[in-house]
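Student: next come a sequence and a model predicted from it.
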Amino acid sequence: MRPSLKIIFTTCLIILTSSFIFGQKTIYGNLNIIPQPKSIELAEGIFRLNHKTKIIYDPQFHFSFDPFQIFKKLYEEKSGFPLMITDKSSEDDPRNKQDILVDMNQSIAEEDYILKISKENVRITSSTAQGAFYAFQTLRQIMSLDQLPKAHDQHRQWNLQASLITDGPRYSYRGLHLDVARHFQPVDFIKKYIDRISFYKMNTFHWHLTDDQGWRIEIKKYPKLQEIAAWRDETLVGHYSDFPVTYDGIKYGGFYTHEEIRDVVKYASERGVTIIPEIEMPGHAQAALAAYPELGCTPGPFKVAGTWGVFEDVFCPNEITFTFLENVLEEVMTLFPSKYIHIGGDECPKNRWNESAYCQQLMKKEGLKNASELQSYFIRRIENYVNSKGRQIIGWDEILDGGLAPNATVMSWRGKEGGIAAAKLGNDVIMTPGSPCYLDHYQADPAFEPVAIGGFNPIEKVYEFDPMPEGLSEKEQTHILGGQGNVWTEYIPTSSHVEYMAYPRAIALAEALWTPRTEKDWSHFYSKLTEHFVTLDSMKTNYSASVVQPQVILESHPEGLSLTWKSELDRPLQNIYITSDTLSHDWRLVDSGDTTWLRSPGKIFYKSETYTKAYKYSVSSEKNENHPKPKVSPVNGISYNPSKAIAASISSSSKPSERYPGRGGIKALTDGLRGNKFFNGQDWCAWDGDPVVIDIRFDTMTEIDSITMGILSSPQAWIYLPESVLVKATTDLETYQYIGTFDLSGTPAGRTDASLRLANTKVMALRLSILPLQKIPSGMPGAGHAAWAFIDEISIY
Ligand code: ACM
């Protein structure tokens, strides 16, 4: 065969093979980028990314980590092609038309990047590995790499819309925290958690490693931390406020070895994430004390805690403790290269210090006026040590009490006030106020959520979060470094549950901390989020879909209960269905769609006077072929039990507290719907302090023979049965006569019903005079304060 013919033959073969292999699947890019970039400008044209594409980077770069590795691995897996990475100097033809070029520009801020997609190439510009890495994280989202199945034998190419993305974070500190002391998480999950942090361009993982319930980091100098402090005998069952208190009797614990920690730190650094370890002191130290009782102010013995809360046994500020903590921190600092070491500092009761002769003497010697100043002395000594190793401390905002350590960064959790005070003192601040940054709080109606610690931080509130408080000068504002979401795990036992609480709220927080205020837009974020749910599904990452689930509005009427499904999203592609198979014959569809599905917005009406009914709904996005199945809610139960009071009108001498206002106010007390035992749904009304008078008035003379009141006792939460509840009645709406007093003696703690029996009394109206407990007994949480009185229902039969 002559040479020229051979060439022709080979060329034909390549062309044929190319069209066979590469012509198979084209993926179209999207701009559903979270967090929303600073600026996106669309341009003319399409960039075709295919098997020829290489990454060519500027040889001037001295990367602190490899910014291409994560992208390369994922790209190769999902495209079916190898991705070559080279620096320009070794490249024969740097003007290759289908490449991704990475240029260095030192005038660009550390975490910023420019991503320019044009017909010819993709051009990334940054000054650091972090900036370049974020550009590739953006490209990864544009290419939907995470949503695609593995390439296997097929090959893909991408058509990307020409655009110019100029991007960089609004805040330099963007953190997510995880408490592994209350519930331990395996290393693989920690890595997955870091993956999501990095995917959403957060840059810090705050690893809460020690607490009363477990010490989770190996310290070679103190083996009893591994043998004793890492394990608790048993764990509280249910919520802290439940009564009676029960434990599971199961030994629980675990810790991370040095080797595991080094591996995780390296893993994080390859993804642009810094890990800040937290070693709690002087409070939340009971696990350490159980292992080394000489660290306490009393001889003990101490136990690793099996329940939640704040404990009085804390580190004693003696020399044994300081030596111990310095040795611990020394090992911690060899494992974690972070600039910051978190030393806790929150929730340290001072009883033991006040009772200790040693502490009194120390205070005298050091000229400290009170135990708060002693805490400040403690923190300053630790700060000196940490600073001597070239590192800085972060502490929760209690480290302000008694005087702030000079170089400390304050993590403001009890609102923003601590952070404001610290910024005014010239110290740096990370804002993580309980509302809305505590992601262990409820995100949807507690009646249908897994048990949580309390609170209510729905995603909209998280999205609106802005760490910058009002009223700081320009200079003071520079001290607000950013914000953080916290995932405390008292009520979060599993990895999947951690994800359920964290996502999507942490994703909203990522955008809140990254994106300029002017570019933030809830409804745009919402539409991107539904796309990201597909990504999370592909990543096998759990999340709460409560934000796309329709809100259920319950309304109690004299004729029955209505349920209305409402979605803030009025999107044609987002349909809400209520399955009629869960609707038994006594549910009447008021506003029905077709016979199988009730299409939202719709309403169903429930008439009969019986108990729990269930409903189920689903949300579907018909467009999305990756997500063909509608997401179906769990079957939710409603307990509805109306009494004669439902037809009466109700009023009160003072409104219930804004924190516990009831559904539609005081009407919640006669609507036939009972509160949950976590007292944070819409069914409870609560008052503290002053007496309250409740009037219930019928339309006509009504015969009654008993009154039942749903009340709550939860002393840990300052909730007590009222001191007294007196009942008067009237037949003429003018003169009221005393008809009885509820007997509250011997009523057990927890949620309970108290009843008053009457002998067929005819009334036009009833008047209940309720006196909340005026003073919480000594020795109890909140001693000396007025107690809360909680009522969820007044049923009249
Ligand atoms: C905290 O939530 N105790 C910092």
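Tutor: Thanks, I have the structure now.
Student: so which residues of the stretch 301-450 of the chain form strands?
Tutor: 340-344, 392-396, 409-412, 429-431 (DSSP state E, counting those that start in this stretch).
Student: which one of these lies nearest to the ligand?
Tutor: strand 392-396 (4.5 Å; C-beta to the nearest ligand atom). In this view, the C-beta of every residue, glycine as well, is placed from N, C-alpha and C.
Student: so what touches that closest one?
Tutor: 276, 339-347, 379, 382-383, 386-387, 405, 407-411, 413, 430 (C-beta atoms under 8 Å, 6 or more residues apart in numbering).
Student: which among these count as buried?
Tutor: By neighbour count, with 16 or more other C-beta atoms under 10 Å, those hold 276, 340-347, 379, 382-383, 386, 405, 408-411, 413, 430 as buried.
Student: please list which of those are also close to the ligand.
Tutor: 346-347, 413 (C-beta under 6 Å from any ligand atom).
Student: would TSV of those with pLDDT be doable?
Tutor: Shown next, in TSV, are these (pLDDT from 0 to 100):
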residue	pLDDT
346	97
347	96
413	97
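Student: want to throw those into JSON lines with distance to residue 141?
Tutor: Shown next, in JSON lines, are those (distance: C-beta to C-beta, whole Å):
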{"residue": "346", "distance to residue 141": "36"}
{"residue": "347", "distance to residue 141": "39"}
{"residue": "413", "distance to residue 141": "31"}
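Student: pLDDT of stretch 461-475, averaged?
Tutor: The average pLDDT within stretch 461-475 is 97.
Student: for stretch 446-456, same thing?
Tutor: 85.
Student: other residues contacting it?
Tutor: With C-beta under 8 Å, 6+ apart, stretch 446-456 has contacts from 238-240, 434-435, 438, 440-443, 488, 490-491, 497, 500-501, 546, 634, 636, 676, 678, 680-681.
Student: please apply the same query to stretch 233-243.
Tutor: Residues contacting stretch 233-243 (C-beta under 8 Å, 6+ apart): 213, 245-252, 303-304, 306-309, 451, 453, 490-491, 677-679, 713-714, 716-717, 719, 748-750.
Student: among those residues, name the ones in helices.
Tutor: Using DSSP state H, no member of the contacts of stretch 233-243 falls in helices.
Student: can you flag the buried ones in those?
Tutor: Among the contacts of stretch 233-243, those buried by neighbour count (16+ other C-beta under 10 Å) are 213, 252, 303-304, 306-308, 451, 453, 490-491, 677-679, 713-714, 716-717, 719, 749.
Student: can you lay out the strands of the stretch 301-450 of the chain as JSON lines showing mean pLDDT and distance to residue 797?
Tutor: Shown next, in JSON lines, are the strands of the stretch 301-450 of the chain (pLDDT from 0 to 100; distance: least, C-beta to C-beta, whole Å):
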{"stretch": "strand 340-344", "mean pLDDT": "98", "distance to residue 797": "53"}
{"stretch": "strand 392-396", "mean pLDDT": "98", "distance to residue 797": "51"}
{"stretch": "strand 409-412", "mean pLDDT": "98", "distance to residue 797": "51"}
{"stretch": "strand 429-431", "mean pLDDT": "98", "distance to residue 797": "51"}
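Student: now those as CSV including distance to residue 505?
Tutor: Formatted as CSV, the strands of the stretch 301-450 of the chain follow (distance: least, C-beta to C-beta, whole Å):
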stretch, distance to residue 505
strand 340-344, 22
strand 392-396, 21
strand 409-412, 18
strand 429-431, 16
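Student: which one of those lies closest to residue 757?
Tutor: In terms of C-beta to C-beta, the element of the strands of the stretch 301-450 of the chain nearest to residue 757 is strand 392-396, at 51.8 Å.
Student: who's in contact with whatever residue of the stretch 401-550 of the chain ends up closest to the ligand?
Tutor: At 4.5 Å from the ligand, residue 413 is the closest residue in the stretch 401-550 of the chain, using C-beta to the nearest ligand atom. By C-beta under 8 Å, 6+ apart, the contact set of residue 413 is 346, 396-397, 432-434, 437-438, 486.
Student: dump those residues to JSON lines, plus distance to residue 197.
Tutor: Shown next, in JSON lines, are the contacts of residue 413 (distance: C-beta to C-beta, whole Å):
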{"residue": "346", "distance to residue 197": "23"}
{"residue": "396", "distance to residue 197": "21"}
{"residue": "397", "distance to residue 197": "23"}
{"residue": "432", "distance to residue 197": "15"}
{"residue": "433", "distance to residue 197": "20"}
{"residue": "434", "distance to residue 197": "21"}
{"residue": "437", "distance to residue 197": "15"}
{"residue": "438", "distance to residue 197": "17"}
{"residue": "486", "distance to residue 197": "13"}
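Student: in the stretch 651-797 of the chain, which residue sits closest to the ligand?
Tutor: When you check the stretch 651-797 of the chain against the ligand by C-beta to the nearest ligand atom, the closest residue turns out to be residue 781, at 15.1 Å.
Student: residue 440 touches residue 498, doesn't it?
Tutor: No: assessed by C-beta atoms under 8 Å, residue 440 is found out of contact with residue 498, at 9.4 Å.
Student: end to end, how far does stretch 252-272 reach?
Tutor: 33 Å (C-alpha to C-alpha, to the nearest Å).
Student: what about the helices in the stretch 251-400 of the chain?
Tutor: 258-269, 286-291, 319-335, 351-355, 357-366, 371-388 (DSSP state H, counting those that start in this stretch).
Student: what is in contact with residue 440 and residue 498 at once?
Tutor: 487, 489, 492.
Student: most surrounded residue in these?
Tutor: Highest neighbour count within these: residue 492, with 26 neighbours (other C-beta atoms under 10 Å).
Student: shouldn't it be in contact with residue 486?
Tutor: No: the criterion here is C-beta under 8 Å, and residue 492 misses it with residue 486 at 11.6 Å.
Student: find residues that contact each of these two.
Tutor: With contacts taken as C-beta under 8 Å, 6+ apart, the residues that reach both residue 492 and residue 486 are residue 440.
Student: what's the closest non-adjacent residue to residue 294?
Tutor: residue 320 (5.3 Å; C-beta to C-beta, 6 or more residues apart in numbering).
Student: before we move on, what about residue 133?
Tutor: residue 67 is the one closest to residue 133 (C-beta to C-beta, 6+ apart), at 3.8 Å.
Student: same deal with residue 468?
Tutor: In space, residue 468 is closest to residue 480, 5.5 Å off (C-beta to C-beta, 6+ apart).
Student: again with residue 263
Tutor: In space, and not counting its chain neighbours, residue 263 is closest to residue 187: 7.0 Å by C-beta to C-beta, 6+ apart.
Student: following element in sequence after the worst-scoring helix or strand of the chain on mean pLDDT, please.
Tutor: When each helix and strand of the chain is scored by mean pLDDT, DSSP states H and E, helix 3-22 comes last, with a mean of 37. Moving toward the C-terminus from helix 3-22, the next helix or strand (DSSP states H and E) is strand 25-28.
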